[in-house]
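S.K.: Sequence first, predicted model second:
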Amino acid sequence: MSFHPLMPYGEGWHKSERKLVDEGQPFVFTPERAANLEDICSRYPPEQRKSAVLAALYLVQEQQGYLTASAMRHVAEFLRITPADVEDVATYYVMFYKAPVGKYVLQVCRTLSCALAGAERVVETLSEKLGIAVGETDASGMFTLLEFECLGACDRAPVVMVNNEHWAERVTPENCSTLLEDLRQRGPAVLSGCHLQVER
Amino acid sequence: MEPILTRYVREPNSFTLDFYLKHEGYQGLQKALSMQPNDVIETVKASGLRGRGGAGFPTGLKWQFVDKKSEPRYIACNADESEPGTFKDHVLMERNPHLLFEGCLIGCWAIGAKVAYIYIRGEFYHVQRVLEAELAKAYAQGYAGNNVMGSGWSCDIVLHRGAGAYEAGEETALIESLEGKRAQPRIKPPFPAVAGLYNKPTAVNNVETLCNLPSIITNGAEWFASLGPEKNGGPKLYCVSGHVKRPGVYEASMNTTLKEIIFGMAGGIRDGHQLKAVIPGGSSVPILMPDQLDIPASFDGVQKAGSLLGSAGIIVMDETTCMVWVAQNLMHFYKHESCGKCTPCREGGEWLYKILSKIERGEGEMRDLDLLTSVANNIAGKTLCAFGDAEATPPLTTLKQFRSEYEDHIREGRCTVPSDWRARGAVAVH
């Protein structure tokens, strides 16, 4: 039975993708991060600490690389909300990792403007060079390859974001190797950054 | 037209407070603070400024609707720019952050808010760092925080980082996200002007909208209105991407035609190719054909031609672009970004993507075309927010303008448009 009279109701439809995240190591924020988060909370009305939940999850990610159940419980306690509130948010936003990732997460924009400029080829080439499919981490634990939806720099397409903050622009299948080598050798500081940076 | 919003963006250090103060910075705010808040609203109304986020709703009217009896009130600046093909706010914030702060403060003064929250998409962290550093300077030199510019009035600006959700650009979903929840839209009414952030009156304004305020206050409503056609006044930023020679952000009056923007400013189609189709206002709007471009790139002009100016993200495609693939690519975006609250959008997006993928692979049947139309029409207009209409658009508009291309795919059992920039192998369906 289908919700649409003309639509076949096959295998694979309506399967829940909900996965419980790892329990992980016991988690507490470092004192600096706890102070930082308390400062962020103060920017919202006192009874609205929940507003800082995204900031809290970024701090967890900064501290241990990805989100775990114990970290989410700590965040819940910190913000005086329930663990379910935190999990609800953590599983919705794409910039939070629910499993360990490589040292550098390559987030290739796949949406129309980047695709028109060859983003599919960039994904293909990166995937070939690293020997992994989209969503996987290479054997050395150095790189994770992800596809992202529009990053908002369509005039510099194709764009690759690294670790949620560093940007490489006008990436081509040809200069993919340089990108990987640069990251391996010198880290994300070598990336071009963002477009109108005339000071560089 | 001389650029107004982007006049200095390519000059070194244009983002710094020093530079801004040397170039008429914060003079609009100073003037606004000497006016009654209601007169600021009246001026903005008279200017005819329309929201630059996509819907084109008059900003002054939006502020007038803010319930002035309830306290506190808020400005929520929508800096979640994520409509595919749009990158104008990106430039404004990175190169001219104080213009945005000044706009936020003028908005707060007008509606009587004490805090402006700037909701910036998580991917723009490099931009956020520029904003953070400059905001600290603005605080230190008395342009924000306590006693703004010696007026005795205090107002805070808070940066709030999102975490990757297109839907957060919808105003009520943005408010939900600011409250620390999933970015999912609310049922309207009540509108945010009555019950918005923390259930308090809130005006949600786009970055480019707020950036227009200082010059309106400084130069007057008539000046602003005179820059463009009737009801389409002021400068407008256009984002041109795709198969053009010079992709980028261009500032122009809304008297300018789409043709002038694409073939003049952006340099026309890349060498050796011809124009096939244009998406004029971000991925959510209908396609315009090459013979439909001699129209003013204004809210009303583009609407008259059968599309929408939206966020002015102009995506240009040449003859190497397969239109079934375009619909499939965009549908991947929409099915991925659907917030999941309304069934037609959540389920329908997935269906549309599967049907389009099947056709693009060469396994389609003619009856799939009716199915596409039927499913899309069962999404549009049947959801809480405009996402549903946006999601239904790519298949409907490509089918309308390029039905024969769909039929070729089905008849020949393969993609019939050769291109040198698509994946060589099969693209994984996920």
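M.R.: The structure has been received and is ready for your questions. Numbering: from 1, shown residues only, chains lettered A, B, ... in the order given.

S.K.: Next one: B:E176 from B:P192, what distance?
M.R.: 11 Å (CB to CB, to the nearest Å). Quick note: C-beta positions are derived from backbone N, CA and C, even for glycine.

S.K.: does the closest residue to B:M331 other than its chain neighbours belong to a helix or a strand, and which?
M.R.: Distances taken as CB to CB, 6 or more residues apart in numbering or on different chains place B:Y353 nearest to B:M331, at 4.3 Å, with adjacent residues excluded. Element membership for B:Y353 (DSSP states H and E) is helix B:343-361.

S.K.: Can you name every helix or strand that that helix contacts?
M.R.: helix B:323-337, helix B:367-377, helix B:387-412 (3 or more CB pairs under 8 Å, 6 or more residues apart in numbering or on different chains; DSSP states H and E).

S.K.: and that helix, average pLDDT?
M.R.: What helix B:343-361 shows for mean pLDDT is 95.

S.K.: What of stretch B:28-36?
M.R.: 97.

S.K.: just stretch B:306-313 next, same as before
M.R.: 96.

S.K.: Then stretch B:45-59?
M.R.: 95.

S.K.: which residues are in contact with it?
M.R.: Stretch B:45-59 is contacted from outside by B:44, B:60-62, B:64, B:78, B:83, B:88, B:169, B:205-209, B:212-213, B:216, B:221-222, B:224-225, B:231-234, B:236-237, B:281-282, B:284, B:299, B:308-312, B:386, using CB atoms under 8 Å, 6 or more residues apart in numbering or on different chains.

S.K.: surely B:W63 meets B:C108?
M.R.: No: B:W63 lies out of contact with B:C108 (CB atoms under 8 Å); the separation is 10.5 Å.

S.K.: Skipping its backbone neighbours, what lies nearest B:N13 in space?
M.R.: B:F19 is the one closest to B:N13 (CB to CB, 6+ apart), at 5.1 Å.

S.K.: Isn't that neighbour up against B:R95?
M.R.: No: applying CB under 8 Å, one finds B:F19 not in contact with B:R95, separated by 10.1 Å.

S.K.: joint contacts of these two?
M.R.: B:Y8.

S.K.: Quick check on the two: which one has the bigger neighbour count.
M.R.: A count of neighbours by other CB atoms under 10 Å in any protein chain shown puts B:R95 above the other of B:F19 and B:R95, at 25 against 16.

S.K.: Tell me who's in contact with the residue lying closest to the more buried one once chain neighbours are set aside.
M.R.: Closest residue in space to B:R95, ignoring its immediate chain neighbours: B:V9 at 3.9 Å, by CB to CB, 6+ apart. Counting by CB under 8 Å, 6+ apart, B:V9 touches A:L196, B:V91, B:L92, B:R95, B:N96.

S.K.: The second one sits in which helix or strand?
M.R.: When elements are defined using DSSP H and E, B:V91 is found to belong to helix B:88-95.

S.K.: And the pLDDT for residue 193?
M.R.: Using chain A. 63.

S.K.: right idea, wrong chain: chain B
M.R.: Reported pLDDT for B:A193: 96.

S.K.: give me phi/psi at the nearest residue to it once chain neighbours are set aside?
M.R.: Using CB to CB, 6+ apart and skipping the chain neighbours, the partner closest in space to B:A193 is B:F65 (4.0 Å). Per-residue torsions, B:F65: phi -70, psi -20 (degrees, to the nearest 10).

S.K.: go on, B:N13?
M.R.: phi 60, psi 20.

S.K.: Would you pull up how far stretch B:153-160 lies from the middle of the chain?
M.R.: Offset of stretch B:153-160 from its chain centre (CA atoms, centre = their mean, to the nearest Å): 23 Å.

S.K.: in that stretch, what counts as buried?
M.R.: B:C155, B:D156, B:I157, B:V158, B:L159, B:H160 (16 or more other CB atoms under 10 Å in any protein chain shown).

S.K.: could you dump these to TSV with secondary structure and distance to chain A?
M.R.: Below are the buried residues of stretch B:153-160 laid out as TSV (DSSP: H, G, I helix; E, B strand; the rest coil; distance: CB to the nearest CB, whole Å):
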residue	secondary structure	distance to chain A
B:C155	strand	13
B:D156	strand	8
B:I157	strand	10
B:V158	strand	5
B:L159	strand	9
B:H160	strand	8
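
S.K.: Closest to B:G362 out of those residues?
M.R.: For those, the minimum distance to B:G362 (CB to CB) is 46.0 Å, reached by B:H160.

S.K.: wait, isn't that closest one in contact with B:I120?
M.R.: Yes: assessed by CB under 8 Å, B:H160 is found in contact with B:I120 at 7.0 Å.

S.K.: Could you pull up the residues touching B:H23?
M.R.: Each residue near B:H23 by CB under 8 Å, 6+ apart is listed here: B:R7, B:Y8.

S.K.: phi, psi of it?
M.R.: phi -120, psi 60.

S.K.: My read is that A:E124 contacts A:C176, right?
M.R.: No: judged on CB under 8 Å, A:E124 makes no contact with A:C176 at a distance of 9.5 Å.
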